[in-house]
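Peer 1: got a structure for you, letters missing:
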């Protein structure tokens, strides 16, 4: 009888841990005697189920999801947005979906829109206000008020970086000018924030064909619909603010009754107007500029020399002596924005969450950004839900799907969610997976995240076939495109860090300190220098564009979905969380090494991270030397909590008083541009440039913040008592 | 065979849960077949072990601990303090102690001392600087610098409350005066902080016999050593600062290498000198004061009318025209202060901590404050350690004993501990038990804490005999002295709240948001009006005083130890944490009711707490309707985490930017003096007095902070997904 049970088990499953467990009870004890949950709590990932999942993720389903999601433009809080809310809800609330629950969650958020009755305009005007040129009008219609126009001589300020304005200012009195800048180099809002101290009164921003189109710019035969390149009239939209989350309710969820700060107290927005325009207009403006020639690094693809501006236009230009006039009529309004949430309840540890999310709102049709990600999320939830519905599976931990609202206006839906459920999410969330733009291009996987997630991404990517390649895994393909050498692992694919606020992972990483990752498919950099896929944030980001030029056949969507879904299953089902603290230690060591190289004599930093590395390897050893499948589930939970809460130890709500929403002392944003600890790097930069002793005090302060955070994290990994 | 096992178990133990568990396996399954840990993880408190513990807590052992601890004065960081460090370490590191580990943990903390070579002096001086009277010198000797003396006319300012100075200011120009105040009504530092805006240049503070001695003041036969009353020369020392923790390392652990703010940037200390004196000198000063008679509520026990001061003395006084001169020579120094830590490792959930602590440092011999508490802690650790050593017991959860340093200088040792181990303690600590002064007097138990601990205190107090009373429990005795009516429980003892920073619970409550309590034995209020036991913070707080006048026979020490130890065992051993969230809901409802009564028309507060109450009763129901002993240990852990982390949801590090170290939005300190939500009450008070719209905005802001914190806490109690 015992033999039969044993043989039956060995035949029916290849899962090692489960085998050990059942074998253990089968051999040493009479079977069937322990409470039924004893087996459940020791269960690990079922690899056959992973295989089944991978085989069921379907490219055509993803394609049809995308077709549906992109039927109408769905900018946040518009009727089109509401249509996508209803679509998501219908899918997730369908009793056949297998999800346990789905609902919408509303926030009242403060957004800025162009006024349909008073469209924003950019014109070239003579001193007598005759209009010599009108920049093409672009945005969608609404209602509103009036402001005085900004009128000034035009100058060219490259990418609007602090160093750009500084250089320009050496030649030209920038006071009262309007600067035209190209995308790249500095954040959208930063281009205007950096400009204001020089007395610049307005900023234009455009996409140079050099940066997006590999230099091509003719719509006769070169740009979309002939290729993936941006047509001349394409305008890259975007959020021109520096903070994430709703601006009127800092650190509070923006519910109807929540206290709102006065609009005049809003911080993180440019003090001067900034307006995006297409390169067909930028070409006309820039090529007419007078003054000295800009340096070679400032030159773009236009068939003329990019001059600084006189300020203003050349004497020989028809625009000679003319100004540029910005009539900006944007208005602000509190609008209702919805997240759509869906849940698969965990069986063994329902109070541990794996969150998978993407925003739902677009700028126009948003086929790639964000609907490629949403199409993938819908496919994952379909396949996983079906396995639940069929009774084949229920995850060990709970899975939460989030379809965030108003991301394009500053990651608002996800930020409000983390503000509303702060403690619950902090205490229970194992990891956050973000798949926003699922496919930038179809060459290779791209992943960023805390270093502890590297391992589970690799495991998952090794099990997925690379699209369009015979018998090569996503992992093997990836390592050809982006790799690095790890002291512990040798050559491995390079996983990036999440130090910015580029998508909805920001509030999870920086505000909650939750282990997070961002997954997509992306470019072959040997084939294009495009900053991002050319139709990004323009009206050309459509189903037609996506299916013709980004991912024909949707197999890269499928590969991203398979990889991200495999990661999701592993985080949800693994007995021991597949988070590797020694990989975290390796990254901290690299940061430390850089810090020592850069700041060595000023800092006694050498003792910072050693305690962490040895604590990490200690926990690794505990994990590998224990027969955890036969241990009390509380011992497994103890280890999992150590792994889960590791990143929480890096939070310090007081470390960055000037950086809204940044509390993670390892991954906070930094302006120093050094691959090392952000607070230290920024403080050091400032102290070195000012030479003031209170700035050196700040360096010392950040060193203490950092060293105590790392020590605190190390204490989380050591024996619990 | 099964029957035998069953009968054996039923005979040997009365523990219901364990019985159910073993019965379950005994009856429905073949016994001995489940893994051994299945039984362990379901174990509940063993009542026979509690009985054994109670019987072993020994009053004579406590007495001898106290005798040893009070041999020498042991002010923080002095040689006497080091002697107590060594004594504690010797006890806890003894292999026979049963503790798994004990160690000292050093912090470099910034303290202020009097200068032995330049003792502080308070004198009455004529305009020609002839000394007419010198106030008795008191403090202990060290080394130092010099400051200019403060010289001014004396005024009497009652308790130094804002309203006292305001009233005084109506009659007298306070500019350049020195105010004498009596203890009580306002905090020590507040008496000087409140004075400074009026131009007062120094403050004296004394203990009026009315407030401490029930009016008695003669050392011929009335005061110690004839009774517990304070002799005329007794001076109540204390910390005259408003913030807790080390002043140079705010929010960071004060390790050797930690960044220290410049001393000039220290906040929370009085801007003018303040000096405590004895009532024998205060009598001489106050009874000579000129000016109008102070109101009747300002009168103390001296046999004269307390006048405001002319300012200065009566024309008829020998002090006529004289000033009071404060020569204050305190100096500051960074000194090493130690916590002594001891640990009993948990068996089933080692990563859950119950922390029990008290400070070790005194002002002089400190028999009552703090050594009564330390003597009790040593006795608890002896009895519990012995049970561990004998193999009879190991707690389910880990027990951490903390003997904190430098409490008298502002709760420094405990605060630095919470700063150093912030995340670890936040994530793992089930509760903190503080027993500082174990016995103020021997009439009745006194307890304060979060409302959720009320129930376990009651359970424990019902099992302990009241000292000196035949067959009456501590609980039954207590309810006679302090009671209230609870909607759910009827008449019950009144448990106070921990809204201040009176002892080492402060950092646990306000900074970490850990469920905490403070336990002691205290007065029969019908027999004395003493503000506190009269020798408090004076040189008369000695072993002789404690054993003759506070607790002869040490039976109240024993009762406090039995009660606190019983609570400790229950928190460490209960299967389900004995924390009652519905009692928390009841307190929140009371606070809400008060808020509505006080602020009704301005606030739409009615919807605040209902969600919490129903979430709490939901969790209660889950706990009571589940057969948790037979459930997966992860389900029990899930519920325990909901209970443990409840208070964490009330933390908001940004809610009180002006209150150092206060993050708990329910229990933060408040100046409004209303039994309701502190942030709301203070904001309302300010708005009502200023009438300014931005102050009303703050009311609205605090309402949002509060309502989102309570909602967040409610979400912790609801079904986890």
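Peer 2: Now that the structure is in, tell me what you want to look at. Bear in mind that the values here come from a model prediction, so they are computed numbers and not experimental data. Numbering: from 1, shown residues only, chains lettered A, B, ... in the order given.

Peer 1: which one is the residue in chain A positioned nearest to chain B nearest to, not counting chain neighbours?
Peer 2: As assessed by Cβ to the nearest Cβ, chain B sits closest to residue A:33 within chain A, at 3.0 Å. Heads up, the C-betas are built off the backbone N, CA and C, glycines and all. Here the nearest residue to residue A:33 in space, its sequence neighbours aside, is residue B:33; by Cβ to Cβ, 6 or more residues apart in numbering or on different chains that works out to 3.0 Å.

Peer 1: flag every buried residue along stretch A:387-405.
Peer 2: Residues of stretch A:387-405 classed as buried under the neighbour-count rule (16 or more other Cβ atoms under 10 Å in any protein chain shown) are A:387-388, A:393-405.

Peer 1: and those residues, which of them are in helices?
Peer 2: When DSSP state H defines the helices, the subset of the buried residues of stretch A:387-405 inside them is A:387-388.

Peer 1: closest one to residue A:106 out of the buried residues of stretch A:387-405, please.
Peer 2: Distance from residue A:106 was checked for each of the buried residues of stretch A:387-405 by Cβ to Cβ. The minimum falls on residue A:405, at 8.6 Å.

Peer 1: looking at it, that closest one is touching residue A:82, isn't it?
Peer 2: No: in this structure residue A:405 lies outside contact range of residue A:82 using Cβ atoms under 8 Å: 10.2 Å.

Peer 1: what touches both of these two?
Peer 2: Listed contacts common to residue A:405 and residue A:82 are residue A:338; contacts here mean Cβ atoms under 8 Å, 6 or more residues apart in numbering or on different chains.

Peer 1: can you list the buried residues in the host helix or strand of residue A:51?
Peer 2: Element membership of residue A:51 [criterion: DSSP states H and E] is helix A:47-56. If you call a residue buried by 16+ other Cβ under 10 Å, then helix A:47-56 has these buried ones: A:50, A:53-54, A:56.

Peer 1: next SSE downstream of that helix?
Peer 2: Going down the chain from helix A:47-56, the next helix or strand is helix A:59-69, by DSSP H and E.

Peer 1: pull the residues that contact the helix or strand following that following helix.
Peer 2: Toward the C-terminus, helix A:59-69 is succeeded by helix A:79-93 as the next helix or strand (DSSP H and E). With contact meaning Cβ under 8 Å, 6+ apart, helix A:79-93 is reached by A:68-69, A:71-75, A:97, A:99, A:102-104, A:337-338, A:340, A:342, A:360-361, A:374, A:378, A:381-382, A:401, A:403, A:405.

Peer 1: swap in 6 Å and give it another go.
Peer 2: Counting by Cβ atoms under 6 Å, 6 or more residues apart in numbering or on different chains, helix A:79-93 makes contact with A:69, A:72-74, A:99, A:102, A:104, A:338, A:340, A:342, A:360-361, A:403, all of which sit outside it.

Peer 1: backbone dihedrals for residue A:206, please?
Peer 2: Dihedral angles of residue A:206 (phi, psi; degrees, to the nearest 10) stand at phi -140, psi 170.

Peer 1: and for residue A:336?
Peer 2: Listed backbone geometry of residue A:336 is phi -90, psi 120, with angles given as degrees, to the nearest 10.

Peer 1: distance of it from residue B:167?
Peer 2: With distances defined as Cβ to Cβ, to the nearest Å, the gap from residue A:336 to residue B:167 amounts to 53 Å.

Peer 1: can you check residue A:114 too?
Peer 2: Residue A:114 is 61 Å from residue B:167, where distance means Cβ to Cβ.

Peer 1: which residues touch residue A:474?
Peer 2: Applying Cβ under 6 Å, 6+ apart, the residues contacting residue A:474 are A:445, A:461, A:464, A:466, A:559, A:563.

Peer 1: hmm, back to that, tally of neighbours for the residue nearest to residue A:33?
Peer 2: Using other Cβ atoms under 10 Å in any protein chain shown, residue B:33 has 16 neighbouring residues.

Peer 1: and residue A:133, that's in a strand?
Peer 2: Yes: counting by DSSP: H, G, I helix; E, B strand; the rest coil, one finds residue A:133 located in a strand.

Peer 1: list the contacts for the nearest residue to it once chain neighbours are set aside?
Peer 2: Nearest-residue entry for residue A:133: residue A:124, 4.1 Å, with adjacent residues in sequence omitted and distances by Cβ to Cβ, 6+ apart. Under the criterion of Cβ under 6 Å, 6+ apart, the neighbours of residue A:124 are A:132-133, A:319, A:322, A:324.

Peer 1: backbone dihedrals for residue A:412, please?
Peer 2: Main-chain torsions, residue A:412, degrees, to the nearest 10: phi -70, psi -50.

Peer 1: scan chain A for its longest helix.
Peer 2: Secondary structure assigned by DSSP H gives helix A:693-717 as the longest helix of chain A.

Peer 1: wait, does it contact chain B?
Peer 2: Yes: Helix A:693-717 is in contact with chain B by Cβ under 6 Å from any Cβ of the partner chain, via A:700-701, A:704, A:708, A:712, A:715-716.

Peer 1: which of the buried residues of stretch A:387-405 fall within strands?
Peer 2: Judged by DSSP state E, strands contain the following of the buried residues of stretch A:387-405: A:397-404.

Peer 1: now stretch A:364-372, how far from the centre of its chain.
Peer 2: In terms of Cα atoms, centre = their mean, to the nearest Å, the centre of stretch A:364-372 is set 15 Å apart from its chain centre.

Peer 1: and it, end to end?
Peer 2: Taking Cα to Cα, to the nearest Å, stretch A:364-372 runs 14 Å from one end to the other.

Peer 1: avg pLDDT for that stretch?
Peer 2: Taken as a whole, stretch A:364-372 has a mean pLDDT of 96.

Peer 1: so which residues make contact with that stretch?
Peer 2: A:66, A:69-70, A:73, A:358-359, A:436-439, A:539, A:541-543, A:546, A:550.

Peer 1: hang on, the earlier thing: in what helix or strand does the residue nearest to residue A:33 lie?
Peer 2: Assigned by DSSP H and E, residue B:33 belongs to no helix or strand.

Peer 1: where does chain A dip in pLDDT?
Peer 2: With pLDDT under 70 as the threshold, chain A has low-confidence stretches at A:1-32, A:138-148, A:601-610.

Peer 1: point out the residues in it that sit beside chain B.
Peer 2: On the criterion Cβ under 6 Å from any Cβ, chain B has as its neighbours in chain A the residues A:29-30, A:33-34, A:37, A:41, A:251-252, A:258-259, A:343, A:345, A:349-351, A:398, A:422-424, A:427, A:632-634, A:638, A:645, A:648-649, A:653-654, A:700-701, A:704, A:708, A:712, A:715-716, A:720-721.
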